[in-house]
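Visitor: Need a 3D model of the following:
(one chain, ligands or ions: 2)
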Amino acid sequence: MMTTWPAPAKLNLFLYITGRRPDGYHNLQTLFQFLDYGDSLHITPRSHGEIRLLTPVPGVADENNLIVRAARLLMRAADERGVLPPQAGADIAVDKRLPMGGGLGGGSSNAATVLVALNHLWGTGLETDTLCALGLTLGADVPVFVRGHAAFAEGVGEALQPASPPEKWYLVAHPGVAVSTPQVFGDAELTRNSPVRSFDALLQAPFSNDCESVVRKRFREVDALVSWLLEYAPSRLTGTGACVFAEFDTESAARQVLELAPNWMQGFVAQGVNLSPLHRSLSGHLASM
Ligand SMILES: C[C@@](CO)(OP(=O)(O)O)[C@H](O)COP(=O)(O)OP(=O)(O)OC[C@H]1O[C@@H](n2ccc(N)nc2=O)[C@H](O)[C@@H]1O
Ligand SMILES: Nc1ncnc2c1ncn2[C@@H]1O[C@H](COP(=O)(O)OP(=O)(O)O)[C@@H](O)[C@H]1O
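Guide: Ligands and ions are numbered 1, 2, ... in the order given. Purely as a prediction, here's the structure:
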């Protein structure tokens, strides 16, 4: 039977870079919140022993697609533990709504949804901690999507503490350019010396993103977008970009600004949510068993 699962977007409500590790990765302090908006995955468990992606994603070879990689990873981990049903397989289709490489975590969220959904559908029963550890090998943002609660993250994003920031409305806008994460982290002018602060101190300070100034400097389209949105509401970059979000108290206020948007700006309005739509859906699937 085909089942449908959400793969929501995330925002980094703030993001500070507190240092660079010997392996080149950067230590962060960031606040993740989900959006009630994202991709949808249609998953049909099968007994053909394979992972089939029915909707190839343009520009991403199936072997590199995080959907396929996550499914194979779970298959191997479950097999090693002797909990994989014989010939377990799946057909997976994705409705992509999230821009790729936009700082909205679409790829990571797709991976997390596959881990959580197939663990349920195959009945493999791996613990959340195990799914997070598997997910972390695919990307730093996968664990927060697997856990499904808004969180303050430290380290490279793997040390998570649940958080409940206000569930505001956001106008999320894409400037139409791709920003590469390694390029931002490799930029000589990137701020990488923010002080390590307590979560409480960070909540009380104005929120900002240390990647924003270099990304605005290197991409005039991002600069123009932030400048335009700042006329209407507090606005900043999410992740390493390229998307920018403006914050509103109501849906109608966000929609009014979207109406005024210049034609070069693509955007959508969505609410920030502290419980992931994936986990609301998982509860529904569990209740219907
Ligand atoms: C910084 C964030 C915040 O959400 O940016 P976005 O990707 O969402 O924009 C993410 O944690 C990104 O996670 P993810 O996109 O999975 O990054 P990865 O593939 O693990 O890393 C891509 C590259 O970025 C650099 N990188 C990434 C994360 C990090 N904490 N320090 C780094 O220096 C490394 O050079 C790494 O090779
Ligand atoms: N299923 C997938 N959806 C999106 N991107 C994917 C997927 N599989 C692999 N990728 C690769 O992961 C990269 C990062 O994608 P994504 O997580 O959407 O962006 P970001 O990390 O900036 O939020 C993409 O540029 C793409 O090459």
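Visitor: backbone phi and psi for residue 198, please?
Guide: phi -70, psi 160 (degrees, to the nearest 10).
Visitor: number of nearby residues for residue 206?
Guide: Residue 206 is flanked by 7 other residues according to other CB atoms under 10 Å. To be clear about C-beta, it is placed using only N, CA and C from the backbone, and glycine gets the same treatment.
Visitor: My error: substitute residue 203 in the last question.
Guide: Neighbours around residue 203, by other CB under 10 Å: 15.
Visitor: Give me the contacts around whichever strand or helix holds it.
Guide: Following DSSP states H and E, one finds residue 203 within helix 199-204. The contact list for helix 199-204 (CB atoms under 8 Å, 6 or more residues apart in numbering) reads 14, 16, 29, 31, 152, 161, 163, 165.
Visitor: With stretch 30-38 instead?
Guide: 6-16, 97-98, 104, 106, 109, 141, 144, 148, 150-153, 157, 163, 165, 167, 170, 172, 202, 207, 268, 270-277.
Visitor: any idea of the mean pLDDT for that stretch?
Guide: Averaging pLDDT along stretch 30-38 yields 98.
Visitor: got the buried residues for that stretch?
Guide: 30-38 (16 or more other CB atoms under 10 Å).
Visitor: Same question for stretch 2-19.
Guide: Those would be 5-18, for stretch 2-19 by 16+ other CB under 10 Å.
Visitor: again with stretch 82-92
Guide: Neighbour-count burial for stretch 82-92 flags 84, 88-92 (criterion: 16+ other CB under 10 Å).
Visitor: Stretch 173-188 now?
Guide: For stretch 173-188, by 16+ other CB under 10 Å, it's 173-175, 179, 184-185, 187.
Visitor: hang on, the earlier thing: C-alpha coordinates for the helix holding residue 203, PDB please?
Guide: Taking Å, rounded to 0.1, in the frame of the first residue of the first chain, the C-alpha atoms of helix 199-204 are listed here in PDB:
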ATOM      1  CA  PHE A 199      21.200  29.200  24.900                       C
ATOM      2  CA  ASP A 200      19.400  31.700  27.200                       C
ATOM      3  CA  ALA A 201      21.800  34.400  26.300                       C
ATOM      4  CA  LEU A 202      21.400  33.700  22.600                       C
ATOM      5  CA  LEU A 203      17.600  33.900  23.000                       C
ATOM      6  CA  GLN A 204      17.800  37.300  24.500                       C
END
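Visitor: re the thing from before, restricted to helices, list the contacts of stretch 30-38.
Guide: 106, 109, 144, 202, 277 (DSSP state H).
Visitor: now stretch 146-155, how far from the chain's geometric center?
Guide: In terms of CA atoms, centre = their mean, to the nearest Å, the centre of stretch 146-155 is found 11 Å from the chain centre.
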